[in-house]
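After the sequence you'll find the predicted model.
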Amino acid sequence: MTPRGTFRLGLVVLVAALAVYPAVGTGYGVRAVLQIFMWIALAASWNLISGLTGYVSFGHVAFFGAGAYTGAILITRAGWSWPTAALAGGLAACVVALVIGYPCLRLKGPYFAIAMLGLNEVLRALVSYFEGLTGGGNGISLPTLEATVPVYYAMGLAAAAVTLLTYLVITSRFGLRLMTIREDEVAAEAMGIDTARHKLYAFLLSAAGPGIVGALAARDQGYIEPISVFPLATTITMIVMVLFGGKGTVWGPVLGAVVLFVSQELVWARFPYLHQLLFGSIIVAVVLLMPRGVLGVLQQRYHLPRTI
Amino acid sequence: MARPVLEVERLCKSFGGVAAVDRVSLALEPGRIYGLIGPNGSGKTTLFNCITGIERRDVGSTRFNGVRIDGLKPYEIARQGIGRTFQLIRVFPELTALENLLVVTRGSLAGAEARALELLRFVKLDGLKHEYAGNLSYGQQKLVEFVRVLMRDPSLILLDEPAAGVNRTLLNDLLEAVRRLRDDGKTVLLVEHDMKVVMGLCETVFVLDHGEKIAEGPPGVIQADERVIEAYFGR
Amino acid sequence: MLGQVVVSGILAGALYAMVALGLALIFGVMRVINIAHGPLLMLGAYTTFFIYQALGLNPYLTVPITMLVLFILGALLQRTLVYRVVDAPELSSLLLTFGISIALVNLAQLAFTSNLRTVEYVTGSYTLGPLAFSKSRLIAFVVAAALAGLVFLFLQRTRLGKAIRATSQSREVAMVCGVDVQRIHRITFGIAAALAGAGGALVSVIVAIQPEMGQIWTFKSFLVIVLGGAGNYPGALLGGVLLGLVEQLASLFLTTQLSEAVAYILLVLILLVRPTGLLGGRQT
């Protein structure tokens, strides 16, 4: 069988295994895989904007938080079911992305990064300000619901969807154009590419995933507060996962999410500061030594297609 | 006489108080090859940048086929039908040669691919179409950048030092290609330091010095112009 | 009311300006955006705190020591890590300094814990008619203004300072003129870190010290640079004062958190209208 055939078969087997896992796995196992799905969706989404266009989004967790709050508010105040609330969370995140992205993406690379750094803080401030709606510092408690397994499947779907989206984008001319923004934005413009519009589209696409999984996570945790859904740590983790696995590739974020989550659970969850220190060091190491990430290096060495 | 393809009127552009382009006016007739020469720092690339929208001019106007293009974004100007290459090659290194050509097109992918392959064959690079542009040699990258400009079939083509760093054989192919473009009715304006290229290829030459246009005319006349000689060699 | 706002704004502004000047230097000379700037300030605050705790010294006397410590740290960071991304695409330097900033903050968490520390040395304020000058802020203002002034003198009058300015304008030309560019980069980063450290030392008397305290300083320094123009050193001074004034004005009407949001929106608005900063600086 050809390598591609083996790969496809492997993929089918994996999906099937993951689909039946809740029936045979432990509670802990199911929650762990659920979180891996979430991180895959987050990392792959960050990859869509930052990996492809080179515009580093340092505030991406803001979309996660926006989705979480939207979902939580709709579930508790408007009685929505959590699947629809999750979709609404994704939509809300896209709206935020539109409002922020439209002005900010016109800024050249480093200025955009600076603007995104502050986004997180601003959203957190807004959440505190509109206490009536968001419960301010007290957060929101969702009605108790044993929904781990359905959320597992929903997260899995989200992860698969974002990965598929990445594949479709990378293999399209749209994706190529996004990459030219990373390669040489001035030349891209000189060639007739409307870089502002393309950046905005990529940004919107990259916000939907975090918005949806934010709302799903809110449902899963049953309680959210500003610190839990707007932590810088989430952005850091997203970035490390993509950098490690290989930015700009399809499976890089997936690899990064799996490897780093597992290491995190096994080794570092007990030492939060140490683990973050390590993450920071990994970013430094990857940037200096392995800027293309694991898959990027393999891709270059063995002339693999871009779609790995 | 046909209306000019490009009309630049008293264009001025300063950087921090220094005039890079100083009241430059020129007009390009369709279907001809023009040269733009001048000592280093005379404002040639800045002029290109102003025409293509990469820089915003301070004063003056630029008209393309009678329509003002000042203030348009670079991509809008490109879509109007102006293409350019750069002094320092700007291919997209992580895209393959073929992708470099495809990425600038819109509309039918099949049509674009056919055209891209045809252009690559024209410059004898179709064997390397799946090679990352960053891995190509300098001359090969130059050719890719050249045909990439042609993908959108522009009517005005600005070439910034097309002969720089290119070996003789390749150069002849390039020059032949430029002549063919002219024969197809396109207008070409090229910045060049290689005088032999300019003299052999261009029908009219503009000379810039310290941002000002100091001479304009056929190559033979320009060569003998006192002000031009002075600009290059001093008194 | 308004007078108080102006006074408080200017007092705070000088401090912002001095710290941001460091950031502007790094950007001007190396084209690197140092996201780890805030954490450097934080380390300065801790340095002063520990010296104060150990020796009971007047914390303001520790400023030179803190500056020296941070200078060395900055030069080291540049020499081992940052030098490799000086000519790299912006993404690399952004991510690198981001990684360094995370590492520094968490090292601080591990070493110092997140317990709040304070340097109780100067409290209270002077009054002049209807205006009140917080003592600690006044001293911070004086020291910051003096240090900023010294840096400017240094840049204008000394050979090293001129070399720095030359490198900032054109690295190639500086090299041709015999400037050891690598050394200049190291020294510049060191100076910038020292300025951040001085800021930390001054701030340690005013606010509580904890590992996360630097983050907001990074952001505000960027804001100052944007207000004053990237790569425009005198602009950083003006930008600092502007930020101080705007903040104080905003705090009259809004909660602190919301006034930070205002600062952020201001940043974005300015960048949209003048991407090279209010006073016009260098394009990246």
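Perfect, I can see it now. It should be emphasised that the depicted structure is a prediction, and the values quoted were computed from it without experimental measurement. Numbers count the residues shown, from 1 in each chain, chains lettered A, B, ... in the order given.

what about residue 122, neighbour count?
No chain in the question, so chain A it is. 21 (other CB atoms under 10 Å in any protein chain shown). (Each C-beta comes from the backbone N, C-alpha and C, glycine too.)

Actually, chain B is the one I wanted.
By other CB under 10 Å, neighbour count at B:Phe122 equals 16.

try A:Gly246
Using other CB under 10 Å, A:Gly246 is surrounded by 28 other residues.

That one contacts A:Val254, doesn't it?
No. The criterion here is CB atoms under 8 Å, and A:Gly246 misses it with A:Val254 at 9.7 Å.

Dump stretch C:93-105 to CSV, keeping only the CA atoms.
Output in CSV follows, covering the C-alpha atoms of stretch C:93-105 (Å, rounded to 0.1, in the frame of the first residue of the first chain):
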residue,chain,number,x,y,z
SER,C,93,12.4,38.4,17.7
LEU,C,94,8.8,38.8,18.9
LEU,C,95,8.5,35.2,19.8
LEU,C,96,12.0,35.0,21.3
THR,C,97,11.5,38.0,23.6
PHE,C,98,8.1,36.6,24.4
GLY,C,99,9.6,33.3,25.4
ILE,C,100,12.3,35.1,27.5
SER,C,101,9.6,37.2,29.2
ILE,C,102,7.7,34.1,30.2
ALA,C,103,10.8,32.4,31.4
LEU,C,104,11.8,35.4,33.5
VAL,C,105,8.4,35.9,35.1
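
contacting residues around it?
A:56, A:58, A:109-110, A:113, A:236, A:239, A:243, A:276-277, A:279-284, A:287-288, C:31-36, C:38-40, C:42-43, C:77, C:81-82, C:84-86, C:211-212, C:214-215, C:218 (CB atoms under 8 Å, 6 or more residues apart in numbering or on different chains).

make it 7 Å
A:56, A:110, A:113, A:236, A:276-277, A:279-281, A:283-284, A:287-288, C:32-36, C:38-39, C:43, C:77, C:81-82, C:85, C:211-212 (CB atoms under 7 Å, 6 or more residues apart in numbering or on different chains).

out of those, which are inside helices?
A:110, A:113, A:236, A:276-277, A:279-281, A:283-284, A:287-288, C:38-39, C:43, C:77 (DSSP state H).

Out of the residues you listed, which comes closest to C:Leu150?
C:Leu43 (21.3 Å; CB to CB).

do you know how far the closest one is from C:Val69?
8 Å (CB to CB, to the nearest Å).

which residues are common contacts for these two?
With CB under 7 Å, 6+ apart, C:Leu43 and C:Val69 have common neighbours C:Gly197.

quick one: which of those two has more around it?
Taking other CB under 10 Å, C:Leu43 and C:Val69 do not tie; C:Leu43 has more neighbours (27 against 19).

name the element the closest residue to C:Val19 other than its chain neighbours belongs to?
Nearest non-adjacent residue to C:Val19, counting by CB to CB, 6 or more residues apart in numbering or on different chains: C:Gly199, 4.0 Å away. Here C:Gly199 sits within helix C:181-204, counting by DSSP states H and E.

any idea of the mean pLDDT in that helix?
Mean pLDDT, helix C:181-204: 94.

Give me the helices and strands touching that helix, please.
Applying 3 or more CB pairs under 7 Å, 6 or more residues apart in numbering or on different chains; DSSP states H and E, we find helix C:181-204 packed against helix C:2-30, helix C:37-55, helix C:63-80, helix C:135-157, helix C:159-169, helix C:171-176.

what about that helix, distance to the chain center?
Taking CA atoms, centre = their mean, to the nearest Å, the mean C-alpha location of helix C:181-204 is offset from the chain mean by 9 Å.

Check stretch C:10-24 too.
6 Å.

quick revisit: between helix C:159-169 and the helix holding C:Gly199, find me the angle.
Here the directions of helix C:181-204 and helix C:159-169 differ by 100 degrees (axes from the mean of the first three to the mean of the last three CA atoms, to 10 degrees).

Can you name the residue of chain B nearest chain C?
Using CB to the nearest CB, the closest approach of chain B to chain C is made by B:Gly16 at 9.1 Å.

So what's the residue count around that residue?
7.

just wondering, since we're on it, how far is it from chain A?
According to CB to the nearest CB, to the nearest Å, B:Gly16 and chain A sit 19 Å apart.

quick one, what contacts that residue?
By CB under 7 Å, 6+ apart, B:Gly16 has no neighbours at all.
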